[in-house]
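# Here is my input, please return the structure:
(one chain, ligands or ions: 2)
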Amino acid sequence: MARVLSGMQPTGRLHIGHYLGVLNNYNHLQNEHECFFMVANLHSLTAFYSDYSQIQSFIEPLVSDWLAAGIDPEKAVIFLQSDVPEHSELSTILSMYTPVSWLTRNPTYKEKQENIDKDIDSHGFLGYPVLQAADILLYQASLVPIGEDQLPHLELTREIARRFNHYNRKGEQDVFKIPDAALSNFPKVLGTDGRKMSKSYANTLILSEPEEEITKKMRQMKTDTARVRRDDPGNPENCPVFTYYDFFAPELKSNVDKECRTAAIGCKDCKAQLLEKMQPRLEPFREKRAETLAKPDLIPEILNHGAKAARETAKNTMAQVKEFMGMKTYSSL
Ligand code: TRP
Ligand code: SF4
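Ligands and ions are numbered 1, 2, ... in the order given. Below you'll find the predicted structure:
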């Protein structure tokens, strides 16, 4: 049985892109492997350091999104990063094995700094991938379900692990396993404007938003921009709406493809028919999320239980790390 670790930042309600890109993979993996799913609140501090209360307000809703999507606390360990202090401990050690040039070269470092309108020029922001490496290596995870955008961070994790292993080998034995990414079949879900679905583009379909909202957003969603009038033939290959058929109505795809190209179907009807398939898939999600949030003790209990289980594994790895380094512990605490 492989170990799996993944994390998400608590920064707002999850959208369909999260579901198809990552959560769906969490769902499958929890049935086959030992899974750890972590709320990455320390990582969120990079952008929200001036006001932690914002991060706090997103933690329980994020877990409720996970539960609604089918993540099962009986199968997977669900925990909060800051409840397991070993993440910070391992991050400090790994940071000593991480050349600064690896971090300044990290594409997400440059990109975020240019695009976020906050001052995030901190030591912690530069070291973001080191903390992420600690998250993964602390559980000796061999699989990491992530979106494509996180691949540079996983590559850094692998490099940091190799470098640590190189200096701390015991004979033939290495401390850290080198993890692999588990990517989804739907790496790029498009938003209502045809760009990649992302909170920062304000083009998302939120998993838990009311039916009417989804309908309204779908109505406004971009289609093949070359198809101006109803009797213009369309090209589904240039239509973001068509990509949703892959997830929600694959059985209708070939028909829509034909009818769009011959202008037998108009975009309005095409969207209505898609919505008919989408809404029943989203409805149970909305219901389950509301049910979960109606029980105020449920998520705190899950996180408490999860932290205990996660810590056991994390402590074990830390003991191994120190042993490989020859770092003796004098404390009996
Ligand atoms: N950086 C990830 C993101 O923003 C979140 C994350 C933190 C993570 N630690 C992780 C993902 C460990 C995978 C593994 O999406
Ligand atoms: Fe897109 Fe459907 Fe309109 Fe064709 S008919 S352009 S697939 S919305």
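# is stretch 61-76 up against ligand 1 anywhere?
No. Using Cβ under 6 Å from any ligand atom, stretch 61-76 never reaches ligand 1; the gap is at least 11.4 Å. No exception for glycine: its C-beta is placed from N, CA and C like everyone else's.
# same check, this time on stretch 121-138
Yes. Shown here: stretch 121-138 in contact with ligand 1 (Cβ under 6 Å from any ligand atom) through 132, 135-136.
# Could you rank those residues by neighbour count and give me the top one?
residue 136 (30 neighbours; other Cβ atoms under 10 Å).
# give me every residue that touches that one.
Each residue near residue 136 by Cβ atoms under 8 Å, 6 or more residues apart in numbering is listed here: 5, 144, 154, 157, 179.
# let's see it at 10 Å
The contact partners of residue 136, taken as Cβ atoms under 10 Å, 6 or more residues apart in numbering, are 3-7, 36, 38, 90, 142-144, 146, 153-154, 157-158, 160-161, 176-177, 179.
# Secondary structure element holding it?
Element membership of residue 136, judged by DSSP states H and E, is helix 128-137.
# average pLDDT across the next helix or strand after that helix?
Following helix 128-137 in sequence order, the next helix or strand is strand 143-145 (DSSP H and E). Computed over strand 143-145, the mean pLDDT rounds to 98.
# what packs against the helix or strand that strand 143-145 is followed by?
Downstream of strand 143-145, the next assigned helix or strand under DSSP H and E is helix 151-167. Helix 151-167 sits against helix 86-95, helix 100-104, helix 107-115, helix 128-137, strand 143-145, strand 180-182, helix 298-325, with contacts defined as 3 or more Cβ pairs under 10 Å, 6 or more residues apart in numbering; DSSP states H and E.
# Of all the ones you listed, which one is nearest residue 206?
helix 298-325 (18.9 Å; Cβ to Cβ).
# burial count for the residue of the chain found nearest ligand 1?
Closest residue of the chain to ligand 1, Cβ to the nearest ligand atom: residue 7 (3.3 Å). Close neighbours of residue 7, defined as other Cβ under 10 Å, add up to 23.
# ok, now which ones touch it?
36-43, 79, 81, 87, 131-132, 135-136, 144, 146, 150.
# at 6 Å what do you get?
38, 40, 135 (Cβ atoms under 6 Å, 6 or more residues apart in numbering).
# Which residues belonging to whichever strand or helix holds the first one are considered buried?
Using DSSP H and E, residue 38 sits within strand 34-39. Of the residues in strand 34-39, those scored as buried under the neighbour-count criterion (16 or more other Cβ atoms under 10 Å) are 34-39.
# what about this protein, any weak spots by pLDDT?
Within the chain, the stretches falling below the threshold (pLDDT under 70) are 187.
# That one against ligand 1: which residues are in contact?
Residues of the chain lying near ligand 1 by Cβ under 6 Å from any ligand atom: 5-9, 40, 43, 132, 135-136, 144, 146, 150, 153.
# any idea which of those residues has the most stuff around it?
residue 136 (30 neighbours).
# Count the residues that sit near the residue in the stretch 1-150 of the chain that ligand 2 sits nearest to.
Among all residues of the stretch 1-150 of the chain, residue 16 sits closest to ligand 2, at 16.6 Å; criterion: Cβ to the nearest ligand atom. Per other Cβ under 10 Å, the neighbour tally for residue 16 reads 23.
# That one reaches residue 206, doesn't it?
No. With contact defined as Cβ atoms under 6 Å, residue 16 does not reach residue 206; the gap is 8.0 Å.
# returning to that earlier point: just put the contacts of residue 7 in JSON lines and tack on distance to residue 233.
Below are the contacts of residue 7 laid out as JSON lines (distance: Cβ to Cβ, whole Å):
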{"residue": "38", "distance to residue 233": "48"}
{"residue": "40", "distance to residue 233": "46"}
{"residue": "135", "distance to residue 233": "50"}
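# and which of those is nearest to residue 114?
Of all these, residue 114 sits closest to residue 40, with 22.1 Å by Cβ to Cβ.
# For the closest one, give me its contacts.
Going by Cβ under 6 Å, 6+ apart, the list of residues near residue 40 reads 7, 9, 81.
# now do 7 Å
7-9, 81 (Cβ atoms under 7 Å, 6 or more residues apart in numbering).
# any chance of the buried residues of strand 34-39 in CSV, with distance to ligand 2 too?
What follows is these, written out as CSV (distance: Cβ to the nearest ligand atom, whole Å):
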residue, distance to ligand 2
34, 42
35, 37
36, 40
37, 35
38, 38
39, 37
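# that older thread, can you pull the contacts of the nearest residue to the residue of the stretch 1-150 of the chain closest to ligand 2 once chain neighbours are set aside?
Leaving out its chain neighbours, the residue that sits closest to residue 16 by Cβ to Cβ, 6 or more residues apart in numbering is residue 205, at 4.7 Å. Going by Cβ under 7 Å, 6+ apart, residue 205 touches 15-16, 214, 217.
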